[in-house]
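**Q** structure for this input, please:
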Amino acid sequence: MTGTGTGTGSGTGPGTGADAHARLRRSLGFRDLVVYGLLFIAPMAPVGVFGTLDARSHGAVALVYVVATVAMALTAFSYAQMVRVAPLAGSVFAYARKGLGEGPGFIAGWMAMLDYLLIPAVAYLFSGIAMEALVPQVDRWVWTGIAVVVTTLLNLWGVRAAARVGFAVLAMEIVVLAVFLVAAVSVLAQDGPRRDWASPLTGDGDFALSAVLGALSVAVLSYLGFDAIASFAEEVTGGSRQVARAVLFCLGVAGVLFVAQTYLVALLEPVSSARLAADPKGQGTAFYDAVDASVGTWLHDLVAAGKAIGAAFAALAGQAAAGRLLFAMGRDRRLPRALSRTDGGVPRVALVVAAAVTMIAALWAARRDDGLEHLVSVVDVGALTAFTLLHASVVGWFVVRRAGGPPSWWRHVLIPVLGAAVTVAVLLEASRAAQVVGVIWLAVGLVVLTVQRGRRERHEAQAPPAS
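**A** Sure, this is the predicted structure:
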């Protein structure tokens with residue numbers, strides 16, 4: 001593997017320190033990155049959260065996704081800026097080290113672990129729930145465990161092999177989504193909508209901007225995964241520009257698909273958003289119920305099967321990204337060094353650890369009625385905190401350090417400042433339980449950072465003076 005551009009600046013490249021040998025194999029092209037990104041995001045991601053968003057936004061669910069796409073585009077643009085500066089595994093961990101320093105870099109990686117380790121657990125649980133709906137004789141936790149084992153074996157096989165299988169799964173998801181879109185348009189053309197044509201953008205009652213913004217914190221969950229593309233920066237054959245293009249491309253495609261499907265299903269929804277708000281249990285199946293009532297059971301089953309398979313492979317991509325984050329932090333001695341070991345260019349130790357944590361979280365949640373709610377409530381906090389530090393890294397590198405030449409006021413100031421304002425605002429709208437978990441996780445990270453810093457200072461004090 002070539003190491004061009006990966007060992008420059010502030011000791012963040014893989015060519016520094018005792019773990020210089022820990023490198024990944026370059027084998028991914030632009031299409032592979034897009035496959036991983038769209039797999040992780042999942043083209044039908046709104047299926048699981050449609051009812052919650054419809055209830056919270058007073059029916060303006062498509063507008064929520066329009067706003068969310070614009071908000072996440074700011075973050076995607078900052079990723080595109082920093083991946084050229086630090087084309088390394090670990091993404092935001094490497095970027096924050098470059099732009100802000102060692103301490104903030106560790107905290108960015110530490111908070112991102114909440115996202116990268118728990119999002120796959122959420123996706124596995126979605127898969128288990130969908131399979132249980134199709135085969136109710138088998139408990140969801142069994143399906144969840146099977147999904148973890150199968151996708152982990154694919155990841156251990158290698159990133160290229162997993163990308164090939166993932167491409168086939170992604171194609172299947174897109175076909176299922178296309179069938180839904182055609183069927184929904186046909187029904188609407190023949191029978192008309194259950195709600196007003198403009199209601200997915202304006203609401204089916206009194207429009208409230210605060211309700212739309214309140215739903216934004218849930219909608220963001222659908223997009224988490226586009227950033228994982230940056231974790232494969234050391235395995236791309238075409239350089240960091242390919243990664244930047246893939247990040248922006250995946251977000252744009254996801255935004256169009258999310259707005260289109262939520263607009264159509266909101267028109268098919270037989271009950272009002274107010275009734276959904278009064279029926280929390282019905283929110284989880286609202287998408288399926290609307291399809292079943294308006295189109296037919298055959299499409300309900302097709303969507304459920306597509307969601308089951310797609311969610312499992314979304315978790316595959318998430319688990320692969322989590323493994324790269326653990327690998328990068330282990331290589332830089334921020335986590336146990338064993339995590340940086342590679343076998344044939346595959347970070348198998350880090351992948352197994354990520355799979356074990358994900359398996360525990362997913363099975364725990366699968367055996368509880370409120371397990372999904374608990375998992376989802378904490379995922380956003382880690383990701384949004386890491387995104388905020390990402391935006392700060394752009395300002396730190398290009399404006400404060402001026403390491404990239406004369407800064408651009410709109411690329412290196414306006415967009416990252418707006419992006420950080422959005423992520424902080426969404427964090428403030430998150431549930432109190434999620435905020436508490438985030439603060440506790442951050443506190444643990446600060447303790448770990450303090451201990452590591454103390455050990456390093458003692459080691460430097462005991463080292464013999466240079467001759």
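
**Q** what packs against the longest helix along the chain?
**A** Taking DSSP state H as the criterion, the chain has its longest helix at helix 297-331. Contacts defined by 3 or more C-beta pairs under 8 Å, 6 or more residues apart in numbering; DSSP states H and E place helix 297-331 against helix 30-41, helix 46-56, helix 92-99, helix 102-134, helix 140-157, helix 159-191, helix 286-294, helix 348-366. C-beta coordinates here come from the backbone N, C-alpha and C atoms, glycine included.

**Q** relative to helix 286-294, how tilted is that helix?
**A** 160 degrees (axes from the mean of the first three to the mean of the last three C-alpha atoms, to 10 degrees).

**Q** run the angle between helix 297-331 and helix 46-56 for me.
**A** Using the same axes, to 10 degrees: helix 297-331 against helix 46-56 is 100 degrees.

**Q** and the pLDDT for residue 370?
**A** As predicted, residue 370 sits at a pLDDT of 63.

**Q** before we move on, what about the one 5 residues further on?
**A** Residue 375 is assigned a predicted lDDT (pLDDT) of 74.

**Q** contacting residues for it?
**A** Neighbouring residues of residue 375 by C-beta atoms under 8 Å, 6 or more residues apart in numbering: 118, 121, 122, 125, 361, 365.

**Q** specify which member of the residues you listed is nearest to residue 52.
**A** Checking the contacts of residue 375 against residue 52 by C-beta to C-beta gives residue 122 as the nearest, at 13.4 Å.

**Q** quick one: contacts of stretch 193-200?
**A** So stretch 193-200 is contacted by 59-63, 202, 204, 262-263, 266-270, 272, 294 (C-beta under 8 Å, 6+ apart).

**Q** returning to what we had before: out of the helices and strands packed on helix 297-331, flag the one nearest residue 399.
**A** helix 92-99 (9.6 Å).

**Q** next, the angle helix 297-331 makes with that closest one.
**A** Using the same axes, to 10 degrees: helix 92-99 against helix 297-331 is 40 degrees.

**Q** can you show me the CA trace of helix 92-99 as PDB?
**A** Written as PDB, here are the backbone C-alpha positions of helix 92-99 (Å, rounded to 0.1, in the frame of the first residue of the first chain):
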ATOM      1  CA  VAL A  92     -13.000  12.900  12.600                       C
ATOM      2  CA  PHE A  93     -10.400  11.600  15.100                       C
ATOM      3  CA  ALA A  94      -7.600  12.400  12.700                       C
ATOM      4  CA  TYR A  95      -9.200  15.700  11.600                       C
ATOM      5  CA  ALA A  96      -9.600  17.100  15.100                       C
ATOM      6  CA  ARG A  97      -6.000  16.100  15.900                       C
ATOM      7  CA  LYS A  98      -4.800  18.100  12.800                       C
ATOM      8  CA  GLY A  99      -7.000  21.100  13.400                       C
END
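
**Q** count of residues packed around residue 33?
**A** When neighbours are counted by other C-beta atoms under 10 Å, residue 33 registers 26.

**Q** now do the same contact list for it.
**A** 229, 232, 236, 242, 243, 246.

**Q** list the buried residues in the helix or strand bottoming out on mean pLDDT in the chain.
**A** Using mean pLDDT, DSSP states H and E, helix 280-283 stands out as the lowest-scoring helix or strand of the chain, at a mean of 75. Judged by neighbour count using 16 or more other C-beta atoms under 10 Å, the buried positions of helix 280-283 are residue 283.

**Q** now swap in stretch 258-278 and tell me
**A** Neighbour-count burial for stretch 258-278 [16+ other C-beta under 10 Å]: 258-269, 271-273, 276-277.

**Q** same question, stretch 192-205
**A** Quick answer for stretch 192-205 (16+ other C-beta under 10 Å): 193, 194, 195, 199, 200, 201, 203, 204.

**Q** shouldn't the last one be in contact with residue 59?
**A** Think residue 204. Yes: here residue 204 reaches residue 59: they are 3.4 Å apart, a contact under C-beta atoms under 8 Å.

**Q** common neighbours of those two, please.
**A** Joint contacts of residue 204 and residue 59 (C-beta under 8 Å, 6+ apart) are 195, 272, 273.

**Q** now, which of these lie within helices?
**A** Counting by DSSP H, the shared contacts of residue 204 and residue 59 contribute residue 273 to helices.

**Q** I'd like the shared contacts of residue 204 and residue 59 as a markdown table, with distance to residue 421 and pLDDT appended.
**A** Converted to a markdown table, the shared contacts of residue 204 and residue 59 look like this (distance: C-beta to C-beta, whole Å; pLDDT from 0 to 100):
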| residue | distance to residue 421 | pLDDT |
| --- | --- | --- |
| 195 | 33 | 90 |
| 272 | 33 | 89 |
| 273 | 28 | 90 |
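
**Q** could the shared contacts of residue 204 and residue 59 be laid out in CSV, adding distance to residue 385?
**A** Below are these laid out as CSV (distance: C-beta to C-beta, whole Å):
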residue, distance to residue 385
195, 36
272, 35
273, 30
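
**Q** quick check, nearest of the shared contacts of residue 204 and residue 59 to residue 326?
**A** Looking across the shared contacts of residue 204 and residue 59 and measuring by C-beta to C-beta, the closest to residue 326 is residue 273, at 40.7 Å.

**Q** my guess is the closest one contacts residue 58, does it?
**A** Yes: Residue 273 lies in contact with residue 58 (C-beta under 8 Å); the separation is 5.3 Å.

**Q** which neighbours do those two share?
**A** By C-beta under 8 Å, 6+ apart, the residues touching both residue 273 and residue 58 are 203, 204, 205.

**Q** could you dump those to a markdown table with secondary structure, distance to residue 334 and pLDDT?
**A** As requested, those are exported to a markdown table (DSSP: H, G, I helix; E, B strand; the rest coil; distance: C-beta to C-beta, whole Å; pLDDT from 0 to 100):
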| residue | secondary structure | distance to residue 334 | pLDDT |
| --- | --- | --- | --- |
| 203 | coil | 46 | 90 |
| 204 | coil | 49 | 87 |
| 205 | coil | 49 | 78 |
